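Trainee: Just need the structure, nothing else, for what follows:
(chains A and B)
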Protein chains: 2
Amino acid sequence: MVNSKNIEYFISGAISPTKIAEIIAQQQKLFTAGGHDIFLGQIRADNVNENIVQAIEYTAYEAMAIEGFEQIKSEISTKYKLNDLSILHSLGIINKGEICLFVMASSAHRKEAIEGCKECVERIKKELPIWGKEIFENEDYQWKTNH
Amino acid sequence: MVNSKNIEYFISGAISPTKIAEIIAQQQKLFTAGGHDIFLGQIRADNVNENIVQAIEYTAYEAMAIEGFEQIKSEISTKYKLNDLSILHSLGIINKGEICLFVMASSAHRKEAIEGCKECVERIKKELPIWGKEIFENEDYQWKTNH
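Mentor: Sure thing, here's the model as predicted:
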């Protein structure tokens, strides 16, 4: 693992392409990695009954979520023999077109990186106490549910 | 699709994190996308009989490969209902730790982005006339085979 301590699980606001480039550059130092799989969650301008999503506001029970991130990272890294697994989730208001979730799995071979990344995203969505409030253009809102 | 004509399939030399950030920023304009899945292929410092891989030199039958990229892109975009599918493959000498393959699939929902990206990478590895010559620290070399 390369400087994993420098990568926090939560970030205030959107995840920028520049931030993503920084993490990729850091993970390139893993000379035994042959593949990285990255998932980016982005705020979609959903149309719900003619009302367009403008942003999602994310809140979390942070202490519990961080324990969950640690557990997911540890279990998936072992299961898929990953070189590293980086996770970043936004908190606060994230506008449509902005990135709110970053997961990067690095492994010697592509299969493990791809499967590990996928399972990590699924577990974050299903297990962690993180909530999204969809804010519409007319300022109405609704709580988002994961599928 | 957003400015896909600006994204070429081949690039001379390694794919930099800055280039990746530029493509991500461009694809963020897809407001109907809720997820992007990115695969990065990286040169692994493999140890083959005590000889360490220093670089891989990629060559391609370019005209045929570009037709193949176009076909793969078209078929997978339709199959997985992708908003876009970006592909970039390096040619020339790429050193250990550098990135030689970039695939980014964007879709409304994460499942399609992840599955589309995975299938695209598999098809590129299996179908296209692109060859890698592994160059070792002692200047020996061998032709790389995909698994």
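Trainee: Can you name the residues bridging to the one residue sitting closest to the centre of chain A?
Mentor: Centroid-nearest residue in chain A: residue A:101, 2.8 Å away (criterion: CA atoms, centre = their mean). Beta bridges link residue A:101 to residue A:41, residue A:89 when assigned by DSSP bridges.
Trainee: any idea how far residue B:38 is from it?
Mentor: 13 Å (CB to CB, to the nearest Å). Backbone N, C-alpha and C define where each C-beta goes, glycine included.
Trainee: same thing with residue A:26?
Mentor: Counting by CB to CB - residue A:26 and residue B:38 are separated by 16 Å.
Trainee: Looking at the two, which one has more neighbours?
Mentor: Taking neighbours as other CB atoms under 10 Å in any protein chain shown, residue A:26 and residue B:38 compare with residue B:38 leading, 25 against 18.
Trainee: next one: phi and psi at that one?
Mentor: phi -120, psi 130 (degrees, to the nearest 10).
Trainee: what about chain A, any weak spots by pLDDT?
Mentor: Scanning chain A for pLDDT under 70 picks out A:1-7, A:146-147.
Trainee: any chance you could map the helices in it?
Mentor: Under the criterion DSSP state H, chain A contains helices at A:17-27, A:62-79, A:110-127.
Trainee: Now the first one: buried residues?
Mentor: Spelled out, that is helix A:17-27. Judged by neighbour count (16 or more other CB atoms under 10 Å in any protein chain shown), helix A:17-27 contains these buried residues: A:17, A:20-21, A:23-24, A:26-27.
Trainee: Determine the set of other helices and strands touching it.
Mentor: Counting contacts by 3 or more CB pairs under 8 Å, 6 or more residues apart in numbering or on different chains; DSSP states H and E, helix A:17-27 packs against strand A:35-42, strand A:84-95, strand A:99-107, helix B:17-27.
Trainee: which one of those lies closest to residue B:110?
Mentor: Nearest to residue B:110, of all the helices and strands packed on helix A:17-27, is strand A:35-42, at 6.8 Å by CB to CB.
Trainee: which residues touch the residue nearest to the centre of chain A?
Mentor: By CB atoms under 8 Å, 6 or more residues apart in numbering or on different chains, residue A:101 lies in contact with A:15, A:39-41, A:88-90, A:121, A:124.
Trainee: one step back: looking at the buried residues of helix A:17-27, which one is closest to residue A:139?
Mentor: residue A:17 (28.9 Å).
Trainee: Enumerate every residue touching the closest one.
Mentor: A:99, B:20-22, B:24-25, B:28.
Trainee: Kindly report the residues of chain A close to chain B.
Mentor: Neighbours of chain B within chain A, by CB under 8 Å from any CB of the partner chain: A:17-18, A:20-22, A:24-25, A:28-45, A:96-99, A:108-110, A:113-114, A:117-118, A:121, A:147.
Trainee: Just the buried ones among these, please.
Mentor: Among these, those classed as buried by 16+ other CB under 10 Å are A:17, A:20-21, A:24, A:28, A:30-31, A:33-45, A:96-99, A:108, A:110, A:113-114, A:117-118, A:121.
Trainee: Could you tell me which residues touch both of residue A:101 and residue B:38?
Mentor: Here residue A:101 and residue B:38 have A:39-40 as joint contacts, going by CB under 8 Å, 6+ apart.
Trainee: how much space between the residue lying farthest from the centre of chain A and chain B?
Mentor: Most distant residue from the mean C-alpha position of chain A: residue A:50, 28.4 Å away (CA atoms, centre = their mean). Using CB to the nearest CB, to the nearest Å, residue A:50 is found at 16 Å from chain B.
Trainee: re earlier: put together TSV for the helices and strands packed on helix A:17-27, with distance to residue B:135 on each row.
Mentor: Listed next are the helices and strands packed on helix A:17-27 as TSV, based on distance: least, CB to CB, whole Å:
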stretch	distance to residue B:135
strand A:35-42	20
strand A:84-95	26
strand A:99-107	23
helix B:17-27	23
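Trainee: count of neighbours near the residue nearest to residue A:112 when sequence neighbours are not counted?
Mentor: Spatial nearest neighbour of residue A:112, chain neighbours left out: residue A:80 (4.3 Å); criterion: CB to CB, 6 or more residues apart in numbering or on different chains. When neighbours are counted by other CB under 10 Å, residue A:80 registers 21.
Trainee: dump the residue contacts of residue A:80.
Mentor: By CB under 8 Å, 6+ apart, residue A:80 lies in contact with A:105, A:107, A:112-113, A:115-116, A:119.
Trainee: which among the residues you listed gets closest to chain B?
Mentor: Nearest to chain B, judged by CB to the nearest CB, of the contacts of residue A:80 is residue A:113 at 7.7 Å.
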